[in-house]
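**Student:** this one's sequence-less:
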């Protein structure tokens, strides 16, 4: 296994520093059901506006039910199918767009992003790799799995163990080993006034 | 200090289980600058669609610049002002609603929610308490701090240390000590088909 820790100016916890969205999954190593449930528990306890918990996650396990998994897999963009086929688990994150009384929930995407971030953090702590994808056919997956119109389909997600570095296929190697990068802290985080870098 | 751990069916990491949105802050205990930077680093390394990092966070420190902090504080709903006045730090999470080429970014709220979740997880690991609020005047804070129209103002956030239980004012005590709750796992997480509870 190899790590691609974030290059931080200040230390952050391992489960956040070690998380990254790789593509080289170990196809032969299933995700233990207990670890899956632990990831979902983590998502479950995320905060949300009025405690409404607008998130819903669908899970497909390639080994448990190949045919149903394949129907979900077929909704991915081609570029994602090239590598996502090796991940033992596929998920879909959906957001309930309105509150119980019918008013639109302006925070439904925001809260769902938080829940999946919790899931990813827990997964990283358990030695798993999570990769979220916006590249999928949202209309197709809605129709394929009868997802109610009141829910937005936001991200498909692969989960599994990372492939050891010496087994990564040539065509993925450069991308998998390239360093992670982010904007400088000063470009995203302001103090007092808009655009004033935090120090 | 007291804890309100999540009641999980499967174990999850401490920083996720221990996080909760309390209201009783220790007004006299400032947040160390290094801890603030660590929280922002955690947000910085969150995943995002195309790595676009649509989040921007504004930070106001009550001790560093009371007047500017107060202009932000004044944008909170009255019910939040009643307790948020005691938190040493106030923040605002904004999302860049379009990509660099002007196309709308459908994931801007989702990714910003993830970044603030990372921040909250790191804060919890550092012994801090984070409380996000939707109850604020988004128009007022935009105009007060000249936030560009292309950004959505999503959440105001308090950060600080929790007040020891024996110092919590009577009127907050019941709310602070009430147990946390969530929907059952089976109501949010489905396997194979929509509505089919995960087991």
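**Tutor:** Noted; the coordinates are in hand. Computed from a predicted model, the values in this text were never measured in an experiment.
**Student:** Helix or strand: which one has residue A:82?
**Tutor:** For residue A:82, the element it lies in under DSSP states H and E is helix A:78-84.
**Student:** who are the neighbours of that helix, in terms of helices and strands?
**Tutor:** Where contact means 3 or more Cβ pairs under 8 Å, 6 or more residues apart in numbering or on different chains; DSSP states H and E, helix A:78-84 is packed against strand A:129-133, strand A:151-160. Any C-beta I mention is one placed from the backbone N, CA and C, and that applies to glycine too.
**Student:** does residue A:55 really touch residue B:183, like I thought?
**Tutor:** No. The pair residue A:55 / residue B:183 is not scored as a contact, 10.0 Å apart, by Cβ atoms under 8 Å.
**Student:** Show me which of these two is the more surrounded one.
**Tutor:** Between residue A:55 and residue B:183, residue A:55 has the larger neighbour count (other Cβ atoms under 10 Å in any protein chain shown), namely 29 against 13.
**Student:** Write down the beta-bridge partners of that one, one by one.
**Tutor:** When bridges are called by DSSP bridges, residue A:55 pairs up with residue A:95.
**Student:** For it, give me its contacts.
**Tutor:** A:43, A:46, A:48, A:93-96, A:111-112, A:115-116, B:188 (Cβ atoms under 8 Å, 6 or more residues apart in numbering or on different chains).
**Student:** can you redo those as CSV with secondary structure and distance to residue B:15?
**Tutor:** Putting these into CSV (DSSP: H, G, I helix; E, B strand; the rest coil; distance: Cβ to Cβ, whole Å) gives the following:
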residue, secondary structure, distance to residue B:15
A:43, helix, 14
A:46, coil, 12
A:48, coil, 18
A:93, strand, 21
A:94, strand, 26
A:95, strand, 24
A:96, strand, 26
A:111, helix, 19
A:112, helix, 20
A:115, helix, 15
A:116, helix, 16
B:188, helix, 21
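**Student:** Can you flag the buried ones in those residues?
**Tutor:** Neighbour counting over the contacts of residue A:55 (16 or more other Cβ atoms under 10 Å in any protein chain shown) leaves A:43, A:46, A:48, A:93-96, A:111-112, A:115-116, B:188 as the buried ones.
**Student:** Kindly reformat those as a markdown table containing pLDDT and distance to residue A:143.
**Tutor:** Formatted as a markdown table, these follow (pLDDT from 0 to 100; distance: Cβ to Cβ, whole Å):
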| residue | pLDDT | distance to residue A:143 |
| --- | --- | --- |
| A:43 | 98 | 25 |
| A:46 | 97 | 28 |
| A:48 | 97 | 27 |
| A:93 | 98 | 18 |
| A:94 | 98 | 14 |
| A:95 | 98 | 18 |
| A:96 | 98 | 19 |
| A:111 | 98 | 25 |
| A:112 | 98 | 21 |
| A:115 | 98 | 24 |
| A:116 | 98 | 23 |
| B:188 | 98 | 22 |
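**Student:** List just the nearest of these to residue B:19.
**Tutor:** Nearest to residue B:19 among those, counting by Cβ to Cβ, is residue A:46 at 8.7 Å.
**Student:** neighbours around the residue of chain A with the smallest separation from chain B, how many?
**Tutor:** As assessed by Cβ to the nearest Cβ, chain B sits closest to residue A:113 within chain A, at 3.2 Å. By other Cβ under 10 Å, 34 other residues sit near residue A:113.
**Student:** Is it part of a helix or strand, or is it coil?
**Tutor:** helix (DSSP: H, G, I helix; E, B strand; the rest coil).
**Student:** hang on, isn't it packed against residue B:118?
**Tutor:** No. Using Cβ under 8 Å, residue A:113 is not in contact with residue B:118; the gap is 10.3 Å.
**Student:** List the buried residues in the worst-scoring helix or strand of chain A on mean pLDDT.
**Tutor:** Every helix and strand in chain A was compared by mean pLDDT, DSSP states H and E; the lowest is helix A:170-177, with a mean of 87. By 16+ other Cβ under 10 Å, the buried positions in helix A:170-177 come out as A:172, A:176.
**Student:** which outside residues touch it?
**Tutor:** The contact list for helix A:170-177, computed with Cβ under 8 Å, 6+ apart, reads A:2, A:4, A:22-24, A:83, A:165, A:168.
**Student:** Can you confirm whether the helix or strand harbouring residue A:143 lies near chain B?
**Tutor:** Under the criterion DSSP H and E, the helix or strand holding residue A:143 is helix A:138-144. No. Figure legend: helix A:138-144 not in contact with chain B (Cβ under 8 Å from any Cβ of the partner chain); closest approach 9.2 Å.
**Student:** who does the spatially most central residue of chain A bridge with?
**Tutor:** Residue closest to the average C-alpha location in chain A (Cα atoms, centre = their mean): residue A:132, at 3.6 Å. Going by DSSP bridges, residue A:132 is paired in beta bridges with residue A:157.
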